[in-house]
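Asker: Sequence and predicted structure, then a few things I'm wondering about:
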Amino acid sequence: QVQLVESGGGLVQTGDSLRLSCAGSGRTFSSYAVGWFRQAPGKEREFVAEVTWSGTSTCYTDPVRGRFTISRNNAENTVSLQMNNLKPEDTAVYYCAASGIFCTRDSHLYNYWGQGTPVTVSS
């Protein structure tokens with residue numbers, strides 16, 4: 001069993017930065033790929049980024065590529081999402097999730113989910 005807890009969301013202005021953190025617990029956390037999804041009001045949940053269990057490979061959705069960076073620290077059981085140059089369209093609740101498959105955008109293939117942290121970007 002893996003538990004995930006997100007933190008770091010908040011209200012920022014266009015162009016600002018935020019760093020989200022996902023704290024994992026459970027003996028097998030470090031063996032999972034961990035991704036970030038987001039869900040804006042009235043929209044479906046969408047894939048944002050994912051990092052392999054080792055942290056050596058990453059993948060991103062095109063709208064955030066070059067602005068967001070995902071990383072992990074298995075010694076501390078954390079996965080971070082550094083978000084720079086934020087835009088109003090980045091406004092959403094952000095979720096971290098663990099999967100046995102790398103770089104999959106299908107949320108059904110993620111086994112464990114956190115409760116989400118809200119991010120609001122004002123124009």
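Answerer: Okay, I see it.
Asker: Geometric centre of this protein: which residue is closest?
Answerer: residue 36 (2.3 Å; C-alpha atoms, centre = their mean).
Asker: Can you tell me the closest non-neighbouring residue to residue 30?
Answerer: Excluding the flanking residues, the one nearest residue 30 by C-beta to C-beta, 6 or more residues apart in numbering is residue 74, at 4.3 Å. C-betas here are computed from N, CA, C, even on glycine.
Asker: Show me which residues of stretch 69-83 are buried.
Answerer: By neighbour count on 16 or more other C-beta atoms under 10 Å, the buried set for stretch 69-83 is 69-70, 72, 77-81, 83.
Asker: Phi and psi next, for residue 75.
Answerer: Note on residue 75: its backbone torsions stand at phi -70, psi -30 [degrees, to the nearest 10].
Asker: From residue 107, how far off is it?
Answerer: 28 Å (C-beta to C-beta, to the nearest Å).
Asker: again, but for residue 91
Answerer: Taking C-beta to C-beta, one finds residue 91 at 19 Å from residue 107.
Asker: residue contacts, residue 30?
Answerer: Contacts for residue 30 were tallied using C-beta atoms under 8 Å, 6 or more residues apart in numbering; they are 24, 53, 74, 77.
Asker: before we move on, what SS does residue 108 have?
Answerer: Under DSSP: H, G, I helix; E, B strand; the rest coil, residue 108 falls in the helix class.
Asker: got a pLDDT number for it?
Answerer: pLDDT recorded at residue 108 is 94.
Asker: Could you do residue 19 as well?
Answerer: 98.
Asker: what about it, neighbour count?
Answerer: 12 (other C-beta atoms under 10 Å).
Asker: same question, residue 8
Answerer: Neighbourhood size, residue 8 [other C-beta under 10 Å]: 16.
Asker: same thing with residue 106?
Answerer: The burial count for residue 106: 9, using other C-beta under 10 Å.
Asker: For the closest residue to residue 110 other than its chain neighbours, give me its contacts.
Answerer: In this structure, residue 110 finds its nearest non-sequential neighbour in residue 97, 3.8 Å apart by C-beta to C-beta, 6+ apart. By C-beta under 8 Å, 6+ apart, the contact set of residue 97 is 4, 34-37, 107, 110-114.
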